[in-house]
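Asks: Here is the input, now give the coordinates:
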Amino acid sequence: MGIRFRKSMKIAPGVRLNFGKNNVGISAGVKGARVSVNSKGRVTKTLSVPGTGLSYVTTSQLGSGDSKKQDTPSAPPEPPKNNLSYDPKEPKNIPRWIIYVIIPFIAGMINPNFLFPAMLLECIFNYIYVRGHVFDEIKRKRSKILTTVFLILSIIFCIASLNTPTPPSVETLSISADAQKLDVNESQVLTWAYTPENADISQLSVVVSDDTLAHATINENGELVLDTLSKDGSFDVSIKSGDVISNVVTFTIVDSAKEAERIAAEKAEAERVAAEQAAAQAADSQESNQQSDSRTVYITPTGSKYHYSNNCTGGSYSPTTLDKALSMGLSPCKRCVS
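Replies: Numbering: from 1, shown residues only. Here you go, the predicted structure:
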């Protein structure tokens, strides 16, 4: 059974130095794009789509272009029919320069610190590629000059990025609002804070539980602006950065015009009920008065009083109604009318 050995060491963001049993190599790139070169001259390029399992790998040998150039005589290209200059190697250079642009772009999108290490690796790779594939001395010299310029810039910016302190991650987040009851199509600036003060908030995002009711964004001035839409209801707002989530604030949206109509309708209904109750009380009072006026009382032919008892003071009484007694000008008896 053969013994295998492999060791990898990170020397810069996105750049690793690899040690094997029989060779040493260097690799650089980002997730989904990586180029490796070992001491035996083998170059491996890998492009993949993260999360899908799909990848594209090409392997080439440094100096293979020289050997092919020397061992295999190539027939001269046919002259162009349209009198334009023709370079048989030009179509092969187009994908290489496209990759040179795409790799730093992807690296910078993933992490800004990966941009210049990716350019540095491309410069090293281009030096090796030009030596094995470009045979025109003018083109080779021009390519080396450009590569040297980019190499120097990449080294300078790599050193600068390594010396630049990385901001800490967000530890806590909080959010608050002056009013949690809003009108439709209303805007409000919310108060938010985070710790520590020098934390990296580039991954900060605002979470709205129902985006059909409101939208929330952080503007250029760092203000958290909440804009409600033309629909009433309730929703929650919070902010998050990575795994850190703030407290949740619940908002209620009301349509002030509909609310005013509802209040006016409730007031009118209350007034109508009060009027009906007052009318009923007046009717009951009138009925009570009518009942009390028709009560039977007793009077004497010559007396000036009316009585509730027909034997009060032993007189001779005749029955009548209270309203008739009152119409006759009689007053109540102090003894039996209380």
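
Asks: make it CA atoms for all contacts and neighbour counts henceforth
Replies: Noted.

Asks: where along the stretch 201-338 of the chain do the strands fall?
Replies: Assigned by DSSP state E, counting those that start in this stretch, the stretch 201-338 of the chain shows strands spanning 204-208, 214-218, 224-228, 233-241, 244-245, 249-254, 296-299, 305-307, 318-321, 331-332.

Asks: Check the average confidence over the top helix by length along the chain, would you?
Replies: Secondary structure of the chain per DSSP state H: the longest helix is helix 256-293. What helix 256-293 shows for mean pLDDT is 79.

Asks: Check stretch 155-168 too.
Replies: Mean predicted lDDT for stretch 155-168 stands at 74.

Asks: for stretch 319-328, same thing?
Replies: 85.

Asks: For that stretch, measure first residue to last.
Replies: Its start and end residues considered, stretch 319-328 measures 14 Å (Cα to Cα, to the nearest Å).

Asks: Can you give the distance of it from its chain's centre?
Replies: Here the centre of stretch 319-328 is set off from its chain's centre by 87 Å, with Cα atoms, centre = their mean, to the nearest Å.

Asks: Next one: residue 160 relative to residue 128, how far apart?
Replies: 26 Å.

Asks: which one of those two has more residues nearby?
Replies: residue 128 (16 against 11; other Cα atoms under 10 Å).

Asks: Residue ranges of each domain in this protein, please.
Replies: Residue ranges for the domains of the chain, per automatic domain parsing: 6-64+88-163, 172-254, 255-290, 294-338.

Asks: burial measure for the residue nearest to residue 309 when sequence neighbours are not counted, as a count.
Replies: Once flanking residues are discounted, residue 309 sits nearest to residue 336: 6.4 Å by Cα to Cα, 6 or more residues apart in numbering. Neighbour count for residue 336, taken as other Cα under 10 Å: 14.

Asks: From residue 26, how far off is residue 336?
Replies: Distance of residue 336 to residue 26, computed by Cα to Cα: 126 Å.

Asks: Also residue 105?
Replies: As judged by Cα to Cα, residue 105 and residue 26 stand 21 Å apart.

Asks: Could you export the strands of the stretch 201-338 of the chain as TSV, including mean neighbour count?
Replies: Shown next, in TSV, are the strands of the stretch 201-338 of the chain (neighbours: other Cα atoms under 10 Å):
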stretch	mean neighbour count
strand 204-208	18
strand 214-218	19
strand 224-228	19
strand 233-241	18
strand 244-245	16
strand 249-254	18
strand 296-299	20
strand 305-307	23
strand 318-321	14
strand 331-332	16
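
Asks: Figure out which of those is closest to residue 282.
Replies: Evaluated over the strands of the stretch 201-338 of the chain, closeness to residue 282 peaks at strand 318-321, with 23.3 Å, by Cα to Cα.

Asks: For that closest one, name the packing helices and strands.
Replies: Applying 3 or more Cα pairs under 8 Å, 6 or more residues apart in numbering; DSSP states H and E, we find strand 318-321 packed against strand 296-299.

Asks: partners of the strand it packs on in the sheet?
Replies: Strand 296-299 has its sheet partners listed here by DSSP bridges as strand 305-307 (antiparallel), strand 318-321 (antiparallel).

Asks: Please convert these to CSV, extending it with distance to residue 267.
Replies: Formatted as CSV, the strands paired with strand 296-299 follow (distance: least, Cα to Cα, whole Å):
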stretch, distance to residue 267
strand 305-307, 50
strand 318-321, 46
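
Asks: out of those, nearest to residue 244?
Replies: Closest approach to residue 244 among those (Cα to Cα): strand 318-321, 90.2 Å.

Asks: Contacts for that closest one next, please.
Replies: Strand 318-321 has contacts (Cα atoms under 8 Å, 6 or more residues apart in numbering) with 293, 294, 295, 296, 297, 298, 299, 300, 310.

Asks: Count the neighbours of the second one for me.
Replies: This means residue 294. 13.

Asks: For it, which residues are in contact?
Replies: By Cα under 8 Å, 6+ apart, the contact list for residue 294 reads 321, 322, 323.

Asks: please redo it, this time with the cut-off set to 6 Å
Replies: Residue 294 sits next to 321, 322 when contact means Cα atoms under 6 Å, 6 or more residues apart in numbering.

Asks: Same check on the fourth one?
Replies: The neighbours of residue 296, taking Cα under 6 Å, 6+ apart as the test, are 320, 321.

Asks: and the gap between it and residue 309?
Replies: Residue 296 is 10 Å from residue 309, by Cα to Cα.
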